[in-house]
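Visitor: structure here, sequence nowhere to be found:
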């Protein structure tokens, strides 16, 4: 077991990601933030807290997306569907997808498919807390990355929200 | 995550956990049906055959729509115009269809137990879309979903099933489901249409007076008088049935609270339910139809045959 980000580093990293997102998107009216169910929601919640604190007057559009029905391994195992809640149109918007750990890239592939069914965004960007950069199975890369780490397949990366740590098992 | 059963033959075989899983999955599919693209790729490589040996509008269209929304491939089979009319047996028909690599079979049949028979003989997942006077599980699931949507929960709610309990597979499936989910159930109708020992067999209340039944309940599920299943005269005329057991606006206006009115369709207007009641805002009949697609999507998705969970 190895701690990748401790409590203080986790806070700083999320705060940095929030700043980077705002730096690249000066007009928040064009932007929608979408957290990925189930594990991306914690990160996206924290990011939204940061962004709303930095720009209290702006209306931040924030939704959550479940990709269960778009998985490519449905024949292997069924998964419980989670809630999708996107109470606004993504048509013509800049979508920022938020997840905790980017690993094989398959979740993001499914999320891109799911997004297509909700409308045609102008642009989609990806923001992740941790990037396991050498384990990709699809050509997908993050636009914003909290921390890139080198891992092997047998290892597990988990964000322990109770202790506010990112741990490599 | 998986259901405790490989087939959906009846609500009888499901446990409360299965029912909750189906209903919560249906909630998510209902969300899908409100999107711009009302379709998901979940069952992309799954072949489903709809075998309808008995007439149906709602159920068949609803299943077909659910399959298409899930991106499954479908074949439709209706008994008239097929080799069943030449005398081919059910098992032969299905085996022939299965040799064309079918993963799931949705079966409607006038013989009670037909889906159970198929489930024993063929490897595909069987979904009962109504068998004789036995069960109609997806109807009960969509009824439960609609009640839950309207009232928040099933637990502790008082539901009365009105009309032809004897010949109704909808009634039997509803009784099983509502009891398993903690609702209180009453059956109401003329004594000739209510099986004699039903209260002992299923722990349901029996009421022969419609007004008292409506006063008791939160939800009234009005069943269709099944003229095609009655070879004997169980009440003297449709007019008389309407006078004694038809749900009318006058009756509902006389109640202390507003109850929810349901009907599995097709409606015999002016027999078991009056038009002004069926079309009133108390009635959730059209929501039931809408919810039917989401519930059937959930059932198909959950039974689509994942290797493990």
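Guide: Good, I have the coordinates. Being a predicted model, the structure only gives us computed values, none of them experimental.

Visitor: show me where the chain has its strands.
Guide: All of this refers to chain A. Along chain A, counting by DSSP state E, strands occupy A:2-5, A:31-36, A:61-65, A:94-102, A:123-132, A:144-149, A:157-160, A:165-168.

Visitor: looking at chain B here, not the other one
Guide: Secondary structure of chain B (DSSP E): strands at B:47-52, B:73-78, B:104-109, B:125-131, B:158-162, B:184-188, B:205-207, B:219-222, B:260-262.

Visitor: closest one to residue A:17 among those?
Guide: strand B:73-78 (43.2 Å; Cβ to Cβ). Where C-beta positions appear, they are placed from N, C-alpha and C, glycine not excepted.

Visitor: save the strands of chain B as a markdown table, and put in mean pLDDT and mean neighbour count too.
Guide: Converted to a markdown table, the strands of chain B look like this (pLDDT from 0 to 100; neighbours: other Cβ atoms under 10 Å in any protein chain shown):
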| stretch | mean pLDDT | mean neighbour count |
| --- | --- | --- |
| strand B:47-52 | 92 | 23 |
| strand B:73-78 | 88 | 16 |
| strand B:104-109 | 94 | 25 |
| strand B:125-131 | 95 | 25 |
| strand B:158-162 | 97 | 26 |
| strand B:184-188 | 97 | 23 |
| strand B:205-207 | 96 | 17 |
| strand B:219-222 | 97 | 26 |
| strand B:260-262 | 96 | 23 |
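
Visitor: mind putting those into CSV with distance to chain A?
Guide: Formatted as CSV, the strands of chain B follow (distance: least, Cβ to the nearest Cβ, whole Å):
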stretch, distance to chain A
strand B:47-52, 13
strand B:73-78, 14
strand B:104-109, 13
strand B:125-131, 13
strand B:158-162, 27
strand B:184-188, 29
strand B:205-207, 36
strand B:219-222, 26
strand B:260-262, 25
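
Visitor: can you tell me which of these comes nearest to residue A:123?
Guide: strand B:73-78 (34.5 Å).

Visitor: ok, and what's touching that closest one?
Guide: Applying Cβ atoms under 8 Å, 6 or more residues apart in numbering or on different chains, the external contacts of strand B:73-78 come out as B:46-53, B:60, B:64, B:67-68, B:93, B:97, B:102.

Visitor: most widely separated two among these?
Guide: Applying Cβ to Cβ across these, the maximum distance is between B:68 and B:93, 23.2 Å.

Visitor: can you give me the helices in chain B?
Guide: B:16-33, B:58-69, B:90-98, B:114-121, B:137-151, B:169-180, B:198-202, B:210-216, B:238-245, B:249-253, B:275-278, B:285-302 (DSSP state H).

Visitor: and of those helices, who's closest to residue B:131?
Guide: helix B:114-121 (5.1 Å).

Visitor: who's in contact with the closest residue to residue A:138 other than its chain neighbours?
Guide: Nearest residue to residue A:138, sequence neighbours excluded (Cβ to Cβ, 6 or more residues apart in numbering or on different chains): residue A:105, at 3.9 Å. Taking Cβ under 8 Å, 6+ apart, we find residue A:105 in contact with A:136, A:137, A:138, A:139, A:140.
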